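1. Sequence plus the predicted model coming up.
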Amino acid sequence: MNREQSKTLEPIKIEVAELKAEEHESYFNLVWRRFRKSKIAIVGGLMVLTLIVLALFSDFFAPYDPVKLDMRNGYIPPHRVHFMDAEGKFYLRPFVYRWTQVLDANFFATWVEDTSARYPIRLFVQGWEYKVLGRFPSRLHLYGVEGDGQIYLLGTDKFGRDIFARCARAGRISLSMSLFGTFISVAVGSVLGVVSGYFGGQFDNLMQRFVEFMQSFPQLPLWMALAAVIPPTWDQMAVFIAMSAIFALLSWTLLTREVRGKVLALRETDFILAAREMGASDARIIFHHLYPNTLSHTIVVLTLTIPSIILAESFLSFLGIGIQEPLVSWGVMMREAQTIQTLGFNPWIVSPVFFIFLAVLGFNFLGDGLRDAADPYTIV
Amino acid sequence: MVSSPVIPRRRHAKGGFVGGMMINYILRRILISIPLLIGISIVSFAIIQLPPGDFASSYQSYLMNQANLPAAEAQKAANEYRRAYGLDRPVYEQYFRWIKGIVTEGKFGYSFAYKQDVGELIAERLPRTLFLAASAHLISTLFGIVIGIYSATHKYSLGDNLATVFAFIGTAAPRFFLAIILVYFLVIRWKVPYVNRFTSPIYSFAPMSWDKFVDILRHTWPVIAIAGFGGIARNMRVMRGNLLDVLNAQYVTTARSKGLRETKVINKHAVPNALHPIIMYQGTVLPYMLQGELEAAIVLNMPSLAPMFYNSLVSQDIYVSGGFLLVYSVLLIAGNLIADIVLALVDPRIKLN
Amino acid sequence: MNMDQNIILEVKNLKQHFPIYRGLLQRQAGAIRAVDGVDFSVLENEVLGLVGESGCGKTTVGRSILRLYDPTDGEVWYRTAAGERIEITRLSQKEMKPLRKEMRMVFQDPFSSLNPRRTVKEIIGEPLIIHKVARGRAMEERVAELMLSVGLDPNYMDRYPHEFSGGQRQRIGIARTLSLSPRLIVADEPVSALDVSVQAQVLNLLQRLKDDLGLTLLFIAHDISVVEHISDRIAVMYVGKIVELASTEMLLWEPLHPYAEALISAIPPADPDIKLERIPLSGEVPSPANPPSGCIFHPRCRFAQEICAREEPHLEEIKPAHYVSCHFARELQLRGIGGVA
């Protein structure tokens, strides 16, 4: 070709030996090492992981079918797990007593422990049939009791359904809806943020005005209003998608702002200039250079958005707008607590709140740890 | 955490000039809000128009099922109802009628459930909501800052750790759950009368007095506490982080090296500068308070805007839903405006253009 | 003309103004005249040093030439490897793309000019992929070759920039610049962000590469002492304009512009026993948004006369191949590097 090709590049041998790079680590190793240092992030990660596993394999963890009605067993209090029986005899294997209904002094039916029947708790027992991940039939359950005994660790609801089993199952909706809603808002938010920050000008201006507009809506009231207009005739899947979209609708603006700010700063950096200088296309600059550098912001906003959707979903479901039975989320389960008498007699029906609490806290902790870990080397 | 560069405060050199700029700035901000409000009103109206059917159709089924009217007669009554309230007009016409009513007469449309103009409902209940949200804001700022200062100056002490745990609960516990717990204790355990009221009956029609004010606080504290709780937690975390940052700043070290006592260093130098980001962040706290009030007041059925808004959504009382949505938006915009103005007043670095 | 055939780059009356927007409606309220009428040519295989204080527009000149900005006015003629002369200020980015293989840039800051999320292989190989020169194994081999040529161990090509020192990172940047075998390189203060001890290494590398590959360099620096050894000629810039342009020797020993004289007096002498009086520059560098009338240098010039504030001098060839923009270039007796003029 041209004459420069004939001139060869001479390696510099002396300097090679001197110029050793520092200890090598891949990006993910680096992030992981920094992440691991934060105890709180590990705890948060474990909390989230536990909930996800519990939701995915909920039927394995549930001794009873979470949707099967059993009206005679309504509002049984949480079963106490004993090591010592009424006579003070100690057992290595924990057990529960049978619970029976008696009439109290006011002639109300109440559940009490019947110490005459003792049921040891067994692990990996055979029980009701279900399908693992919706495919493989199985009868294996983590725990249970033998014979005609029953074990309701968190008690039962009005219809005699095991609250623990339902909490595990409800995690599917609560978690997947918040993840799906967040996924939509991240997909929309980061694309609009990068594009608006990179191209600037008129589009950016319009985008900014639109984001301001969206942010002037009061989040919770608008969510409530939108959720309330979902027709009750829609099928479960449609309601699920509509609710996720509603949550995403007001969540993407935060990320767009963050990403845009970051891109505005990155746009002026030399490595973007260098990419333009070597003739890179806009698409290449956006996807190869800008996107990867906004990732840490995206992750942080993601871990903030998920818990906020979990909280909002639980409140809306608690009010009975949006998600309806037979879809079950943690919020839906707490609906009965709206009636103060019901709550007064059966306070255990609010136990799904601990799952909400765990999820929100877990994601918050995770976000805290990731914020510091995801950006091991920044320019801006 | 938040690591904005903190510079010592200084006074504006030219007060008059800044004052003029300030008015200009406020006017411009208000002007910008107008198209925003128009957009919001359109969206609010569109949302409440979304569901199929209207109040007349539920009125019709009510007549048929509860009043045992024949279908034809119920249909006729419903149609008359539609005509009377303009529900048979095109949507855009209904919208313009709605906006015209709000702007010219302060009428927000007729509430079918309360048989009253929504404007009157708002006039009655908005002050209560504002009182609840503002009180929550006040306690969250006050307690948040005080606890934050304590935490930062007693880092890793028992009190600091307790405050941290408290903050985590405050941000992660659903507020409606906290409200349920309070209701449980108030009603079932302590048997407090008149939980869902602002005053005891004897004060209902009494003019405002100290005793009545105390009585109101006695009734409203659960809502204020729940709405403010999360805010305390957030303010406290921000204050703690900022103060720790500031305490490491060089000018604080300089102040210490001059031989100032530690309390003086903290009160005179560190705290004023650490407060800055708190002010900056007030714009996001108000909507948080309003949402907290919304959640708590619905559960406690406190007669503010909140439960009425919820009920209107359930019963499709559209003018209540739309009007309240609009009011919430106005509150939000006004809150942001106030926060921005306060920030511009306090921070000499904010450029007014 | 024989001379003309040697010219690889010719810049004529180049202007680069950046608008300033103000007010609610964002009306254009003025312009920063970063580059305000610059003329010079670069000869094939030479090193032209472009020197001036920070903010004088030298970096903007480099970026305008490579069309990282769209010049406000003027012409930039580039002679391609095929011998074709092209005016590039009006080319579209698409038409510009083939030329980007021949004209490349070395950036100032080795920390911000390398994407922290990409490996050295991806960074150096990116131009090869963009211009569809090589990919996969072929790209890797070329990257290895390039790394060796700038003194880096190719075994480290899968590492990230943060794992390298400043000098090593600048070598990565140079390897990236060389990857497409360019003919003209704009080196924008390539060593000013580096430690003094590393500066010499990188300068030597550039010198060697220039000799080996027959490159042409436009070497931008804020310090004459950095470019004096590598440059054949030096142009001195002040607030958007070139005030003096001459061969390195002539400029250092017989400067004709008071500003150049002041810059030269700041060079530390090689022999520490020689005590030279530094000519201080009083006052501030004027803002390019609001440059002074007449000669831009007159507010700081110790020889300024009444005419200097009134009339703008033009770049004139006072001595053979020695261009100066000063009303009194013929009269002034200025001090060069040797002390007395």
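-> Cool, got the structure.

2. What segments of the stretch 151-300 of chain A are helices?
-> All helices of the stretch 151-300 of chain A, identified by DSSP state H, counting those that start in this stretch, fall at A:163-199, A:201-215, A:219-228, A:236-249, A:252-267, A:270-277, A:282-284, A:291-319.

3. Among these, which comes closest to chain B?
-> Among these, helix A:219-228 comes nearest to chain B, with 3.9 Å by C-beta to the nearest C-beta. Heads up, the C-betas are built off the backbone N, CA and C, glycines and all.

4. Going by neighbour count, list what's buried in stretch B:196-205.
-> By neighbour count on 16 or more other C-beta atoms under 10 Å in any protein chain shown, the buried set for stretch B:196-205 is B:Arg197, B:Phe198, B:Thr199, B:Tyr203.

5. again with stretch A:135-154
-> A:His141, A:Tyr143, A:Gly144, A:Val145, A:Gly149, A:Gln150, A:Ile151, A:Tyr152, A:Leu153, A:Leu154.

6. Mark which of the residues you listed are part of strands, please.
-> If you go by DSSP state E, the buried residues of stretch A:135-154 have A:His141, A:Tyr143, A:Gly144, A:Val145 in strands.

7. Make TSV from the residues you listed and add distance to chain B and pLDDT to it.
-> Below are those laid out as TSV (distance: C-beta to the nearest C-beta, whole Å; pLDDT from 0 to 100):
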residue	distance to chain B	pLDDT
A:His141	29	90
A:Tyr143	27	89
A:Gly144	30	88
A:Val145	31	87
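
8. Which pair in these has the greatest spatial separation?
-> Greatest spacing in these, by C-beta to C-beta: A:His141 and A:Val145 (10.8 Å).

9. Identify the contacts common to the two.
-> A:Pro63, A:Val125 (C-beta atoms under 8 Å, 6 or more residues apart in numbering or on different chains).

10. how about the residues of chain A near chain B?
-> For chain A, the contact set with chain B under C-beta under 8 Å from any C-beta of the partner chain comprises A:212-213, A:216-222, A:224-226, A:228-229, A:231, A:307, A:311, A:314-315, A:318-321, A:334, A:337-338, A:340, A:343-344, A:347, A:350, A:353, A:356-357, A:360-361, A:364.

11. just the buried members of those residues?
-> Judged by 16+ other C-beta under 10 Å, buried ones among the residues of chain A next to chain B: A:216-222, A:224-226, A:228-229, A:307, A:311, A:314-315, A:318-321, A:334, A:337-338, A:340, A:343, A:347, A:350, A:353, A:356-357, A:360-361, A:364.

12. Rounded mean pLDDT for the one helix or strand B:Asn24 maps to, please.
-> Remark: B:Asn24 resides in helix B:15-49, with elements defined by DSSP states H and E. Averaging pLDDT along helix B:15-49 yields 78.

13. That helix vs helix A:219-228, what angle?
-> If you take axes from the mean of the first three to the mean of the last three C-alpha atoms, to 10 degrees, helix B:15-49 sits at 10 degrees to helix A:219-228.

14. Can helix B:15-49 be said to contact chain A?
-> Yes. Helix B:15-49 lies in contact with chain A when judged by C-beta under 8 Å from any C-beta; the contacting residues are B:Leu36, B:Gly39, B:Ile40, B:Val43, B:Ser44, B:Ile47, B:Ile48.

15. Mind checking which residue lies nearest the centre of chain B?
-> Centroid-nearest residue in chain B, with C-alpha atoms, centre = their mean: B:Leu290, separated by 2.2 Å.
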